[in-house]
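1. could you work out the structure for the sequence below:
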Amino acid sequence: MPHHLTLAQMSAHIRARKLSPVELVRSHLKQIERHNPQLNAFVSILAEEALAAAQQAERQIPGGLLHGIPITIKDSFDLAGHPTLCGSRYRLNHRAASDSSAAGRLRAAGAILIGKTNCPEFLNSYETDNYTTGRTNNPWDLTRTPGGSSGGEASAIASFMSAGGVGSDGGGSLRVPAHFTGIAALKPTPGRVSAAGHYPPLCHPAGLLSVAGPMARNATDLRLLFHALAGYDPADPFAAPVPIRQPNLSGIRVGVAEQFYNVPVQDSVKRAVRKATAALTELRIPVEEFMPKGLERGPNLWWFFFGELPAPFTREIIASDPAKAHWTAAEFLNTVSEEPVSARTVVENLAARDAMRTSLLMQMQDYPVLLMPPCGVTAFHHRERLWQTATKPIGVFQAMMPSTPFNLLGLPSVVIPFDISDDGLPVGIQLIGRPYEEETLLEIAVRLEGKAPEFSPPGY
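-> Numbers count the residues shown, from 1 in each chain. Reported below is the predicted structural model:
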């Protein structure tokens, strides 16, 4: 079945004229028809537009890097003529005047956009649910979430309804859904992939934490998407003119931490990191235990910028018509004080963040790549918020500590699936690198995934 090919295979088959873009799009649309009713990954399915684009693509082979390949995009990115709902009834009247930069670059590379995928309201939850589209389910177990906020994207890709796509990540929103659904994701350095045309806007200060990035079923496909998306964009205030470079693994040492300091993780999460450590050794990439110094307050500083600072703006939107708000919009607000944040606190926390970043980057001169879990737990049941580990229960804030500090510090990271838990769920591992060294992370991820089993949810 064409939709079961990897993105790289699809590209090769189209270029060799062994597979037509129309055949490929139709195969994906049939897969969507079969499985989206139970998964609910899509906000909109662009069937007519996609078929028309596929017919045109057949006349233009070989075309660009993603020529003729069906791709999806999270419904927080503008697509000309379509609403960017971002999971909210407050945005039902919105229509995008132009494509987001990510959508434009996908089209320029020849990709065919077949749909927009679901997310929680305002991207404010690790669970994908809202009043405009409803709840998205995990293809590995419909009683569990695919995560958030890029949960619709992850569910669509994992179930072969999409070859790959684009999501965003402000606190694990690419990496955690990838981990929960057995796919791969890249959180780039801010500005390496343009986030222009994203809602909420990823300018200062949100863009310090939040980025646009690709998702795919494996690291090889992820690298193709990254090459299509990366590049300077004057519309993104964080953009830097960093070209695609050849990775150099010479002298690379990987520092390994099975958890974030003394915050426990589930046994299956720890086991995946240990298996990846063994695989790196087989690949002759040196590994050593490593726990960063001075990062203990990282999750708290992240929460200040992600939760406390923007809270008044979310409250203001909800106050205009409280009946429209979904629980995912306000889930984090319940933990945030209504006291105003002072300018002094903002400046002091920015300085603390910068000092923490400098300290970690000095330590990463010896360990340019870190290996950690992406999250302390595997995919959880809908509305579940407390999980048992071998030593004590942990909540959402603690479970996400392996991811959130690297949003705070603006470091790139890659998640790939690496193991299956005892209860049959995928388990990912996370590679973290220095700014603008995405190519190194992707190269290691490609090599590592050759040591991992294939990941495909049963029945798809």
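
2. quick one: the helices in the stretch 251-400 of the chain?
-> In the stretch 251-400 of the chain, the segments counted as helices under DSSP state H, counting those that start in this stretch are 267-282, 298-303, 311-319, 327-330, 343-363, 396-399.

3. what does the strand or helix carrying residue 113 contact?
-> For residue 113, the element it lies in under DSSP states H and E is strand 112-117. Residues from elsewhere that reach strand 112-117 (C-beta atoms under 8 Å, 6 or more residues apart in numbering): 21, 25, 28-29, 32, 41-47, 49-50, 53-54, 57, 68-75, 77, 79, 82, 103, 106-107, 150, 152-153, 155-156, 162, 165, 167. C-beta: built from backbone N, CA, C; applies to glycine.

4. would TSV of the helices of the stretch 251-400 of the chain with mean pLDDT, distance to residue 370 and mean neighbour count be doable?
-> Formatted as TSV, these follow (pLDDT from 0 to 100; distance: least, C-beta to C-beta, whole Å; neighbours: other C-beta atoms under 10 Å):
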stretch	mean pLDDT	distance to residue 370	mean neighbour count
helix 267-282	98	11	19
helix 298-303	98	13	21
helix 311-319	94	30	15
helix 327-330	92	30	22
helix 343-363	98	9	14
helix 396-399	98	19	21
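
5. to residue 235, which of those lies closest?
-> helix 311-319 (21.5 Å; C-beta to C-beta).

6. name the helices or strands packed onto that closest one?
-> On a contact count with 3 or more C-beta pairs under 8 Å, 6 or more residues apart in numbering; DSSP states H and E, helix 311-319 meets helix 327-330.

7. which strands or helices does the helix it packs on pack on?
-> helix 311-319.

8. sorry, back to before: could you dump the helices of the stretch 251-400 of the chain into CSV and include distance to residue 89?
-> Shown next, in CSV, are these (distance: least, C-beta to C-beta, whole Å):
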stretch, distance to residue 89
helix 267-282, 36
helix 298-303, 27
helix 311-319, 11
helix 327-330, 10
helix 343-363, 31
helix 396-399, 24
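
9. nearest spatial neighbour of the residue nearest the centre of the chain, skipping sequence neighbours?
-> The centre of the chain sits closest to residue 174, judged by C-alpha atoms, centre = their mean, with a distance of 1.4 Å. Distances taken as C-beta to C-beta, 6 or more residues apart in numbering put residue 185 closest to residue 174, at 4.1 Å, once the chain neighbours are dropped.

10. now what about the strand or helix carrying that neighbour, what contacts it?
-> Following DSSP H and E, one finds residue 185 within strand 184-187. Strand 184-187 is contacted from outside by 150, 154, 167, 169, 174-175, 177-178, 211, 213-219, 221-222, 225-226, 406-407, 412-417, 438, 441-442, 445, 449, using C-beta under 8 Å, 6+ apart.

11. which of these fall in strands?
-> Judged by DSSP state E, those include 167, 169, 211, 213, 214, 215, 216, 413, 414, 415, 416, 417 as members of strands.

12. which one of those sits closest to residue 267?
-> Closest to residue 267, out of all of the ones in strands among the contacts of strand 184-187 and judged by C-beta to C-beta, is residue 417, at 17.3 Å.

13. ok so, going back, nearest to residue 9 among the ones in strands among the contacts of strand 184-187?
-> Closest to residue 9, out of all of the ones in strands among the contacts of strand 184-187 and judged by C-beta to C-beta, is residue 216, at 12.0 Å.

14. residues near the closest one, how many?
-> 27 (other C-beta atoms under 10 Å).

15. where in this structure is pLDDT low?
-> For the chain, no stretch has pLDDT under 70.

16. 90 instead?
-> 61-62, 330-335, 337-339, 454 (pLDDT under 90).

17. after the strand holding residue 185 comes which helix or strand?
-> Sequence-wise, the next helix or strand downstream of strand 184-187 (DSSP H and E) is helix 206-209.

18. relative to residue 125, how far out is residue 312?
-> Counting by C-beta to C-beta, to the nearest Å, the gap from residue 312 to residue 125 is 19 Å.

19. repeat for residue 353
-> Here the distance between residue 353 and residue 125 works out to 24 Å (C-beta to C-beta).

20. picking up where we left off before, any idea of the angle the strand holding residue 113 forms with strand 211-216?
-> With axes from the mean of the first three to the mean of the last three C-alpha atoms, to 10 degrees as the basis, strand 112-117 and strand 211-216 are set at 110 degrees to each other.

21. roughly how far out does strand 112-117 sit from the chain middle?
-> When C-alpha coordinates are averaged (C-alpha atoms, centre = their mean, to the nearest Å), strand 112-117 and its chain have centres 16 Å apart.

22. partners of it in the sheet?
-> Looking at strand 112-117 with DSSP bridges, its partner strands are strand 42-45 (antiparallel), strand 70-74 (parallel).

23. hmm, back to that, for the residue nearest to residue 174, name its beta-bridge partners.
-> Judged by DSSP bridges, the bridge partners of residue 185 are residue 215, residue 415.

24. isn't residue 177 right next to residue 146, touching?
-> Yes - contact status for residue 177 versus residue 146: in contact at 5.4 Å, counting by C-beta atoms under 8 Å.

25. list the residues that contact the residue nearest to residue 216 when sequence neighbours are not counted.
-> Spatial nearest neighbour of residue 216, excluding adjacent residues (C-beta to C-beta, 6+ apart): residue 164 at 3.8 Å. Contacts here follow C-beta under 8 Å, 6+ apart; on that basis residue 164 touches 7, 69, 71-72, 157, 214-217, 221-222, 224-225.

26. run the last query once more with 7 Å
-> Shown in contact with residue 164 (C-beta atoms under 7 Å, 6 or more residues apart in numbering): 7, 71, 157, 214, 215, 216, 221, 225.

27. which residues does residue 73 bridge with?
-> Beta-bridge partners of residue 73, counted by DSSP bridges, are residue 116, residue 166.

28. count of residues packed around residue 137?
-> Using other C-beta under 10 Å, residue 137 has 21 neighbouring residues.

29. kindly report the same for residue 437.
-> 21.

30. from residue 222, how far out is it?
-> Separation of residue 437 from residue 222 (C-beta to C-beta): 15 Å.

31. verify the contact between residue 241 and residue 232 for me.
-> Yes - assessed by C-beta atoms under 7 Å, residue 241 is found in contact with residue 232 at 4.3 Å.

32. just to check, residue 287 is in contact with residue 281?
-> Yes - counting by C-beta under 7 Å, residue 287 does reach residue 281; the two are 6.1 Å apart.

33. list phi and psi for the residue lying farthest from the centre of the chain.
-> Within the chain, the residue lying farthest from the chain centre (C-alpha atoms, centre = their mean) is residue 59, at 33.2 Å. When read as degrees, to the nearest 10, the backbone of residue 59 gives phi -90, psi 0.
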